[in-house]
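*Asks:* Based on what follows, work out the 3D shape:
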Amino acid sequence: MKEQFHKVSIKVSKLAGSMLAFGIAVSIIIIWLIIGPWTHYSNTWLLVINTITDVVIFLMVFSIQNTQVRDSKAIQLKLDELIIANKKARNAFVGLESLTDDELTEIDAEFEQLLASLKGPSILHKLHKKIDEEKAHRFSLTRQAGKIVGTVFSPFTSEDKK
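*Replies:* The predicted model follows:
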């Protein structure tokens, strides 16, 4: 039974994310909107679409959650395999997903200290510096664009008193 549910969940998830499903959903909404004036926008008209969407969403949550949990587990197993295969990586990191939030926070703090104690610019330091430079550059471009737009539209927005 569990395997059948998983197979159905995979098929539903693939179908739900397809262009066909999107087209069907849009078609249903258009048909519903067209029927609206004919039914004088009655409460039944509203209740029909509300019920349909509620049922679909309710079922999709379980189906997609099943697929997500399985995919997440597969990714964790792949990462565990890489950690075990890499001689420099700490095997203690295998199975981190089962730790509490406090334990994960402690490990995160350990990495922050390790990063801060590195002598010379590390790859992460270089990456953070590059990100900061890019942010500054984009902010500068945004300010310049704002000035240009202000200059272009100033004849239209200023009130000339003659």
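*Asks:* how distant is stretch 54-66 from the center of its chain?
*Replies:* Distance, stretch centre to chain centre, for stretch 54-66: 18 Å (C-alpha atoms, centre = their mean, to the nearest Å).
*Asks:* which residues are in contact with it?
*Replies:* With contacts defined as C-beta atoms under 8 Å, 6 or more residues apart in numbering, stretch 54-66 is touched by Phe5, His6, Val8, Ser9, Val12, Ser13, Ala16. In this view, the C-beta of every residue, glycine as well, is placed from N, C-alpha and C.
*Asks:* what about this protein, any weak spots by pLDDT?
*Replies:* In the predicted model of the chain, residues 118-125, 156-162 satisfy pLDDT under 70.
*Asks:* Relative to Asn43, how far out is the spatially most central residue of the chain?
*Replies:* Residue closest to the average C-alpha location in the chain (C-alpha atoms, centre = their mean): Gln68, at 12.9 Å. Distance from Gln68 to Asn43, counting by C-beta to C-beta, to the nearest Å: 36 Å.
*Asks:* And for Val152?
*Replies:* 51 Å.
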